[in-house]
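K.L.:
Sharing a sequence plus its predicted fold:
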Amino acid sequence: MIAAKNIYKSFNGKYVLEDISATFEEGKTNLIIGQSGSGKTVLLKCLVGLHGVDSGEVWFHDMEYAALSHRQRSEMRRKIGMLFQSGALFDFATVEGNVMFPLALFSGMSKGEQRDRAHACLERVNLLGARALRISELSGGMQKRAAIARAISLKPKYLFCDEPNSGLDPKTAILIDALIKEITVENNITTIINTHDMNSVMEIGDKVIFLHSGKKWWEGTKNDILDAENVELNEFVFANSLAKKARRMM
Amino acid sequence: MMELGVNSIAIVAIVSVFVGAVIAIQTALNLMNAPYYMVGLATRDSLILEFCSTMIALILAGKVGSNIASQIGSMRITEQIDALELMGLNSACYLILPKILSMVIFVPFITIFSIALGILGGLAGMALTDNLTVSEYIEGIQRDFTPYYVTYSIIKSMVFAFILSSVSAFWGYSVQSGTQEVGRNSTRAVVTSCICILMFNLLLTELLL
């Protein structure tokens, strides 16, 4: 479980997050949704500790992140897997090298064990056949899957995904969503996903938090979202004409 | 070390040979009435004292410095540095320290290599023109040799290698967003490294000679 309590974050005196409190549950896919610029990525980076917060607390189970020593933070970060928006795969390594990278640094495994674990992760994301390829040789969807394989290589307790579907076609996006959901349930991970893709929300959103102008505007499940009375949320959810038509038919 | 140092050997070799030849020819033309051995002696000392440490460092600042800055800057904008941080690594230490170490270790060898090729270039210059005979040039490069000059050159090259790698890494690491900033900071890396190298050249010359 991860809990954010009264998070405030500003850049150059301008608040991009104001009084954000939320609880993200274990074994569930928790979605943070909102328009571009609503503060989703900043919130995610605050939760993982890549951005410091101005005030507020981030709790991982019973540990407050800010209260941890440098050593404890390093240990905590090894329990976190993150899928970055750009993939953030290391272009100096092959796909296999990328997945083995955290294993080589932190697992204490022998080279053979690292390779076996990397192959298991790549098989899980159906990418074993591409293990010898360079990152530049992969398609967008393959890069996302390779990034997922790297994120789960150390068997994380927490998985953060920053817009995992960005730049992907709808079919591949659904495959990536399904994969994240399966991994979450299989390993009982606390997963937090940033997205503005409503397909993702309806496919895998166990819990949904809607951010608007840096504030938490709405919170609920994917089933609640269609009946919500929140104006800004409705404008976001039913933004395209197809969704508007569907709503009129409801 | 391979990427930063070994790949620079070709450009260093080409520049060293031609500059060695040009220094020898110009010295021969300007010292018409001086003793014949002065050509070899002046060429050798010019190469050891100034060219092979300072000029090579300036060339490397352009080639290697921009490489370091753009590589680290690109890693920043593609979130690879965030990924390293999130794994609990000190990204600056992980990315920058090996580059500084490899440059500080490798550049002195490049400098010695450059001195040797520069002197050979001078020899070729004498052989291809009728300013001086090859044997007179060789006698000149053997005269009044001060071994400390080589030590001085190596010390300077190590300091310059540290400057160009650390300054370039700083500018690369400072990139916040966008490919335009990567390009801008690569240029800044080269310019700042060159200015720092020239300033430290003056300082080290005053301190060590």
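P.N.:
Here it is on my side, so go on. Numbering: from 1, shown residues only, chains lettered A, B, ... in the order given.
K.L.:
now the helices for the chain?
P.N.:
Assuming you mean chain A. A:40-48, A:70-77, A:95-106, A:111-124, A:140-152, A:170-187, A:198-204, A:222-225, A:231-237, A:241-249 (DSSP state H).
K.L.:
my bad, the chain I had in mind was chain B
P.N.:
B:9-30, B:37-46, B:56-60, B:66-77, B:80-86, B:91-128, B:134-142, B:147-173, B:179-208.
K.L.:
Of the helices of chain A, which is nearest chain B?
P.N.:
helix A:70-77 (3.7 Å; C-beta to the nearest C-beta). (Glycine included, C-beta is placed from N, CA and C.)
K.L.:
quick one: least confident helix or strand in chain B?
P.N.:
Lowest by mean pLDDT, DSSP states H and E among the helices and strands of chain B is helix B:80-86, with a mean of 92.
K.L.:
sorry, back to before: from the helices of chain A, which stretch is densest packed?
P.N.:
helix A:140-152 (a mean of 25; mean count of other C-beta atoms under 10 Å in any protein chain shown).
K.L.:
model confidence over that helix, on average?
P.N.:
Taken as a whole, helix A:140-152 has an average pLDDT of 92.
K.L.:
got it, and stretch B:121-133?
P.N.:
Rounded to a whole number, the mean pLDDT of stretch B:121-133 is 93.
K.L.:
Only the buried residues of it, if you could.
P.N.:
Within stretch B:121-133, the residues that count as buried by 16 or more other C-beta atoms under 10 Å in any protein chain shown are B:121, B:122, B:123, B:124, B:125, B:126, B:131, B:132.
K.L.:
Including distance to chain A, could the residues you listed go into JSON lines?
P.N.:
What follows is these, written out as JSON lines (distance: C-beta to the nearest C-beta, whole Å):
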{"residue": "B:121", "distance to chain A": "36"}
{"residue": "B:122", "distance to chain A": "40"}
{"residue": "B:123", "distance to chain A": "41"}
{"residue": "B:124", "distance to chain A": "40"}
{"residue": "B:125", "distance to chain A": "42"}
{"residue": "B:126", "distance to chain A": "46"}
{"residue": "B:131", "distance to chain A": "50"}
{"residue": "B:132", "distance to chain A": "50"}
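K.L.:
Give me the neighbour count for the closest residue to residue B:204 other than its chain neighbours.
P.N.:
Spatially, and ignoring its direct neighbours in sequence, residue B:204 is nearest to residue B:156 (5.3 Å; C-beta to C-beta, 6 or more residues apart in numbering or on different chains). Using other C-beta atoms under 10 Å in any protein chain shown, the number of residues around residue B:156 comes to 25.
K.L.:
where's the residue nearest the centre of chain A relative to residue A:197, distance?
P.N.:
By C-alpha atoms, centre = their mean, chain A has its centre lying nearest to residue A:161, at 1.6 Å. Using C-beta to C-beta, to the nearest Å, we find residue A:161 at a distance of 11 Å from residue A:197.
K.L.:
Any stretches of chain B with poor pLDDT?
P.N.:
Along chain B, the model assigns pLDDT under 70 to residues B:1-3.
K.L.:
Who are the contact partners of the residue nearest to the centre of chain A?
P.N.:
With contact taken as C-beta atoms under 8 Å, 6 or more residues apart in numbering or on different chains, residue A:161 is in contact with A:82, A:83, A:180, A:191, A:192, A:193, A:194, A:195.
K.L.:
For it, give its distance to residue A:49.
P.N.:
On the measure of C-beta to C-beta, residue A:161 and residue A:49 end up 16 Å apart.
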